[in-house]
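S.K.: Any chance you could fold what I've pasted below:
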Amino acid sequence: MKKTNYTPEIRERAVRLVLESKKDYPSNWAAITAIAPKIGCTPETLRTWYQKHLDLQNPSKVQQMSDQERIKKLERENKELQRANEILRKAAAFFAQAELDRPRK
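M.R.: Numbers count the residues shown, from 1 in each chain. Below you'll find the predicted structure:
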């Protein structure tokens, strides 16, 4: 089974879609099963993201998160941001070099 990594933006968008459209479905699960294929994930994956979102909205559950879990989450987010920054740096360098290499009239 292939494991797909989804960006935090995709996860947030998927959860937002569930939150916005759950009123149009008879249950949360019905909304999740309708939206998951549009995102390209399984309903169970989307349900997990949705549940984590709900847990983070509950102050008592947030309090229960250990410092270690929060540190790991922040480290993962930091790594993703570092990767994105590296991609942007390389793209900027590529386009800057392309501009320098372009023949002048």
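
S.K.: buried set for the longest helix anywhere in the chain?
M.R.: When the chain is parsed with DSSP state H, its longest helix is helix 67-101. By neighbour count with 16 or more other Cβ atoms under 10 Å, helix 67-101 contains no buried residues. No exception for glycine: its C-beta is placed from N, CA and C like everyone else's.

S.K.: Check which helices and strands it sits against.
M.R.: Of the remaining helices and strands, none touches helix 67-101 by 3 or more Cβ pairs under 8 Å, 6 or more residues apart in numbering; DSSP states H and E.

S.K.: Which parts of the protein belong to which domain?
M.R.: 1-65, 66-105 (automatic domain parsing).

S.K.: Kindly provide the distance from residue 60 to residue 78.
M.R.: 27 Å (Cβ to Cβ, to the nearest Å).

S.K.: okay, and for this structure, where does confidence drop off?
M.R.: 1-3, 62, 65 (pLDDT under 70).

S.K.: Just list what the helix or strand harbouring residue 55 packs against, helices and strands only.
M.R.: Secondary-structure assignment from DSSP states H and E places residue 55 in helix 43-57. Judged by 3+ Cβ pairs under 8 Å, 6+ apart, the packing partners of helix 43-57 are helix 8-21, helix 28-39, helix 59-64.

S.K.: can we see that at 7 Å?
M.R.: Packing partners of helix 43-57 (3 or more Cβ pairs under 7 Å, 6 or more residues apart in numbering; DSSP states H and E): helix 8-21, helix 28-39.
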